[in-house]
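> sequence and predicted structure, then a few things I'm wondering about:
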Amino acid sequence: MICPYCKEREGTKSNTHYLSDNIIRTALNLGGSKDRDKGLYFDMSNSSGAVKFNFQQSTPQQKLEDNLGRPPNKEEIKEAKKRLFSVDNIFCPDCEKAFGVIERAFDTAILPKFRGAELEDVLSMDIAEIRVLRTYFYLQLWRSSICDKTFQLPTKIEDDLRNILLNNVEIDINEITKYPLSITYLVNNEEGETKTQNLVGCTSGGNPNLILMNDFIIQFFDDEANVSFFDFNGLNSDDYLEYINQSEDVFKVKVFSDSERVEFNVQSMGASKGKAFFTMLTDNFSRMFYKKFGEQPDKETVGNFISIIVAQDKPMGIKFSTQELEKETIEYLKNLS
């Protein structure tokens, strides 16, 4: 295929990360180490709060059993991805080099202000290098929209971000700052296993278009009219408008302390997995009920079934495989006949 960035050369580059590898690596690798393919990750939806558990192919069996409450099944093993947030044969080698220029500018001018800095008592950071910061996060947004089917920006915005990226050095700053953008940084003072507690992934739903990339969280809105309070497990609060940057002179980044980071991850992993489980239970049960009886079940019937399942697996039902849940549903429906 033709590279969607230059629209001239063949996309022949392999293993291109559409979320910058040096940012997300410690969240995906076991214990925050350099060992690859041994981490857990989650697919998310910002409209339903649903989270799907996934793991990489080399994740130790004991770590999987500790998180799942059981050994992984064949379906889960088959779906395990070895290389996360990277693609083959989408971009060309020359454009990959251009991406690297944008990433290195961020790594030099912006990243040291956060990683390794003393930020425990800091609530926000003012960043003067707006062009560098916005271009970098636009790169994450644009590449994700190109490469991740669950994350899709409107075509017009996708094209505009591409133009900004291609001309990022000389384009007028007013063009760069016209989109509402919020960045939250999660302070992580710990080492080892806690490095893997942060989330990595793109959400579906839009406005905000949300990307969690380890210690940086991106919230991008299509335009000012679409800016509104977004309740995502404590990410935003009543002062959220203070951190929506648009046509700014200085970019304001919200900073979460280490304890706030931990609480955010606990809420995201706990509440969201619970929502995902209940949604899956309701949808599957209603589908099988309709197939058997030719009508949709009432709320009481659905509630009784969910109560039975949850009683077996507190608090979030993650230990059940899809096949096991289907078997439980079949047995329950037999008793209703």
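Cool, the structure landed.

> C-alpha from now on. contacts and neighbour counts both.
Noted.

> which non-adjacent residue is nearest the residue nearest the centre of the chain?
Using CA atoms, centre = their mean, the residue of the chain that lies closest to the mean C-alpha position is Gly201, 2.2 Å off. Among residues not flanking Gly201 along the chain, Leu212 sits closest, at 5.3 Å (CA to CA, 6 or more residues apart in numbering).

> same for the helix or strand containing that neighbour, what does it pack against?
Using DSSP states H and E, Leu212 sits in strand 209-213. The helices and strands touching strand 209-213, judged by 3 or more CA pairs under 8 Å, 6 or more residues apart in numbering; DSSP states H and E, are strand 200-204, strand 216-220.

> angle of it against strand 216-220?
170 degrees (axes from the mean of the first three to the mean of the last three CA atoms, to 10 degrees).

> ok, and for strand 209-213, which residues are buried?
Asn209, Leu210, Ile211, Leu212, Met213 (16 or more other CA atoms under 10 Å).

> point out where the stretch 201-337 of the chain drops to low pLDDT.
269-280, 310-323 (pLDDT under 70).

> what's the helix or strand for Phe305?
helix 299-312.

> in that helix, what counts as buried?
Buried, per 16+ other CA under 10 Å, within helix 299-312: Val302, Phe305, Ile306, Ile309.

> any idea how far stretch 202-212 is from the chain center?
Its chain's average C-alpha position is 8 Å from that of stretch 202-212, according to CA atoms, centre = their mean, to the nearest Å.

> and that stretch, end to end?
6 Å (CA to CA, to the nearest Å).

> find the nearest non-adjacent residue to Ser145, please.
Closest to Ser145 by CA to CA, 6+ apart is Gln152, at 4.7 Å.

> list the contacts for that neighbour?
By CA atoms under 8 Å, 6 or more residues apart in numbering, the residues touching Gln152 are Ser144, Ser145, Ile146, Ser204, Gly206.

> what distance do you get for it to Arg143?
Taking CA to CA, one finds Gln152 at 10 Å from Arg143.

> Lys334 too?
49 Å.

> who's more crowded, the two?
Counted by other CA atoms under 10 Å, Lys334 and Arg143 do not tie: Arg143 has more neighbours, with 24 against 9.

> for the contacts of Gln152, which one is nearest Lys292?
Proximity of the contacts of Gln152 to Lys292 (CA to CA) peaks at Ser204, which lies at 32.5 Å.

> partner residues bridging Val87?
Under DSSP bridges, the beta-bridge partners of Val87 are Thr16.

> of the helices and strands packed on strand 209-213, which is nearest Asp283?
Taking CA to CA, strand 200-204 is the member of the helices and strands packed on strand 209-213 nearest to Asp283, at 19.0 Å.

> list the helices and strands the closest one packs on?
helix 21-28, strand 40-45, strand 209-213.

> please state the offset of the first one from the chain centre?
Relative to the chain's own centre, helix 21-28 is displaced by 13 Å; criterion: CA atoms, centre = their mean.

> just give me the neighbour total for the closest residue to Asn236 other than its chain neighbours.
Using CA to CA, 6+ apart and skipping residues adjacent in sequence, the residue nearest Asn236 is Phe230, 6.7 Å away. Counted with other CA under 10 Å, residues neighbouring Phe230 total 15.

> surely Phe230 meets Asp238?
No. Judged on CA atoms under 8 Å, Phe230 makes no contact with Asp238 at a distance of 10.2 Å.

> which residue of this protein lies farthest from its centroid?
Residue of the chain lying farthest from the centroid, by CA atoms, centre = their mean: Ser337 (42.6 Å).

> got a list of what that one touches?
For Ser337, the contact set (CA under 8 Å, 6+ apart) is empty.

> so how far is Ile330 from it?
11 Å.

> cool, and Cys92?
From Cys92 to Ile330 the distance is 50 Å (CA to CA).

> quick one: which of these two has more around it?
Cys92 (24 against 15).

> now the more buried one. Nearest residue, chain neighbours left out?
Per CA to CA, 6+ apart, closest to Cys92 is Gly11, 4.1 Å.

> and that neighbour, what's its pLDDT?
For Gly11, the pLDDT comes out at 97.

> and it, how far is that from Tyr5?
Shown here: Gly11 relative to Tyr5, a distance of 9 Å by CA to CA.

> try Asn304
For Asn304 relative to Tyr5 (CA to CA), the value is 52 Å.

> on that earlier part again, tell me the angle of the strand holding Leu212 relative to strand 200-204?
Using the same axes, to 10 degrees, the direction of strand 209-213 lies 170 degrees away from that of strand 200-204.

> hmm, who's touching strand 209-213?
19, 23-24, 46, 141, 151, 153, 199-204, 217-221.

> could you verify my assumption that Glu103 touches Tyr136?
Yes. Using CA under 8 Å, Glu103 is in contact with Tyr136, at 6.2 Å.

> of the helices and strands packed on strand 200-204, which shows the lowest average pLDDT?
strand 40-45 - the lowest mean pLDDT of the helices and strands packed on strand 200-204, at a mean of 48.
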